[in-house]
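> with the sequence up front, the predicted model follows.
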Amino acid sequence: MEDQYEKKITWTIKNFSFVQSQAIDSDIFVVGDSKWHLVAYPKGNGESTNKCLSLYLNVADFQSLPNGWKRHIKYRLTVVNQMSEKLSEQEVIQGWFYKNFHISGFQTMLPLSKLLDKNGGFLVNGDVKIVVEVGVLEVVGKSDVLEETLLVHESIDINGFQVLPSQVESVNNLFEKHPDIVSEFRSKNPLMRTTYLNDLLCLTEILCESSEELSTGDMANAYSTLTCLKKAGFKLDWLEKKLKEVCEARVQEIDEEWKDLTDLKEKF
């Protein structure tokens, strides 16, 4: 089943640089009659501590599976470069998972120096995006995982984009208000299409917040994200106009705050 995977999950780690936990888990997903999740060590694991991101695939329900269970799995892990899909870091592995070997992955998935480089494309707006694709080759020992569990993280196709059920309303509204938004969008890669759309949704959400919550860094990141989206082919004149208005309003607020502070200092 070369290059064929039954399940694809995108995991976004928010505020990656500020994660304090030694290890963090993704949401659980179901494939191959088992529950799985990703385990990430943001600052590395073992000999890679403070050097590399460590990333693993784990059988979440291994303790409840029947005696003698085994899963022959092929999976692909990708740390997404959010500026250029060609620069994404990717590893593929195939093997058996069983009771005493229920977790497998890469201790040195990506050097932290590369991951945290502000111009490297892996850390954008504070977020790191990871994708896992899993293909099942053989299952030994059935579990009683309910089929309904499969529906929890299923994606839905909207105009060629895979979105989560929680995003359907926002994405539908976006396409209804701006029907030509993807008329010049060029990427055919499903992973990059999802990444770009998530960035767009995030940007629109930020612009709906009060301008008082925007720092100068937030505004710079917003313009950087907008530039990447436009280069990818999104038609975003309406969003660029709104971003300009929000930023101008925030700059004026900052100027007034500084003026008030200066006046206060002069009184003393």
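Yep, that arrived. Numbers count the residues shown, from 1 in each chain.
> which residues are in contact with stretch 168-178?
156, 158-159, 161, 163, 181-182, 197, 200-201, 204, 235, 238 (CB atoms under 8 Å, 6 or more residues apart in numbering). Bear in mind the C-beta positions are built from the backbone N, C-alpha and C, glycine included.
> now these: which count as buried?
In the contacts of stretch 168-178, burial by neighbour count holds for 161, 163, 181, 182, 197, 200, 204, 235, counting by 16 or more other CB atoms under 10 Å.
> OK, contacts around residue 71?
Counting by CB under 8 Å, 6+ apart, residue 71 has contacts 32, 33, 34, 59, 96, 97, 98, 136, 138, 139, 140.
> in TSV, list those along with pLDDT and secondary structure.
TSV is the format used below for the contacts of residue 71 (pLDDT from 0 to 100; DSSP: H, G, I helix; E, B strand; the rest coil):
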residue	pLDDT	secondary structure
32	80	coil
33	81	coil
34	86	strand
59	93	strand
96	94	strand
97	95	strand
98	92	strand
136	89	strand
138	90	strand
139	90	strand
140	90	strand
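> any of those residues buried? List them.
Members of the contacts of residue 71 that pass the buried threshold by neighbour count (16+ other CB under 10 Å) are listed as 32, 33, 34, 59, 97, 98, 136.
> gap between the fifth one and residue 115?
Summarising the geometry, the distance separating residue 97 from residue 115, computed by CB to CB, to the nearest Å, is 27 Å.
> C-alpha coordinates for stretch 79-95, CSV please?
Output in CSV follows, covering the C-alpha atoms of stretch 79-95 (Å, rounded to 0.1, in the frame of the first residue of the first chain):
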residue,chain,number,x,y,z
VAL,A,79,6.6,18.6,10.7
VAL,A,80,5.0,21.2,8.3
ASN,A,81,7.0,24.1,6.9
GLN,A,82,4.2,26.6,6.8
MET,A,83,6.0,28.9,4.3
SER,A,84,7.2,26.2,1.8
GLU,A,85,5.9,22.7,1.6
LYS,A,86,9.1,21.5,-0.1
LEU,A,87,11.0,22.3,3.2
SER,A,88,8.7,20.2,5.4
GLU,A,89,10.5,17.6,7.4
GLN,A,90,9.2,14.1,6.9
GLU,A,91,9.9,10.6,8.1
VAL,A,92,8.3,7.3,7.0
ILE,A,93,8.5,4.0,9.0
GLN,A,94,6.8,0.6,8.8
GLY,A,95,6.7,-2.1,11.5
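> distance from the chain centre to that stretch, please.
Here stretch 79-95 is found 12 Å from its chain centre; the criterion is CA atoms, centre = their mean, to the nearest Å.
> can you give the contact residues for that stretch?
With contacts defined as CB under 8 Å, 6+ apart, stretch 79-95 is touched by 53, 55, 72-78, 104-106, 109-110, 115, 120-122, 124, 128-131, 137, 187, 189, 191-192, 195, 199, 228.
> which of the residues you listed fall within strands?
With DSSP state E as the criterion, strands contain 53, 55, 72-78, 104-106, 109-110, 128-131, 137 from among these.
> among these, which ones are buried?
Neighbour-count burial within the ones in strands among the contacts of stretch 79-95 applies to 53, 55, 72-78, 105-106, 109-110, 128-131; the criterion is 16+ other CB under 10 Å.
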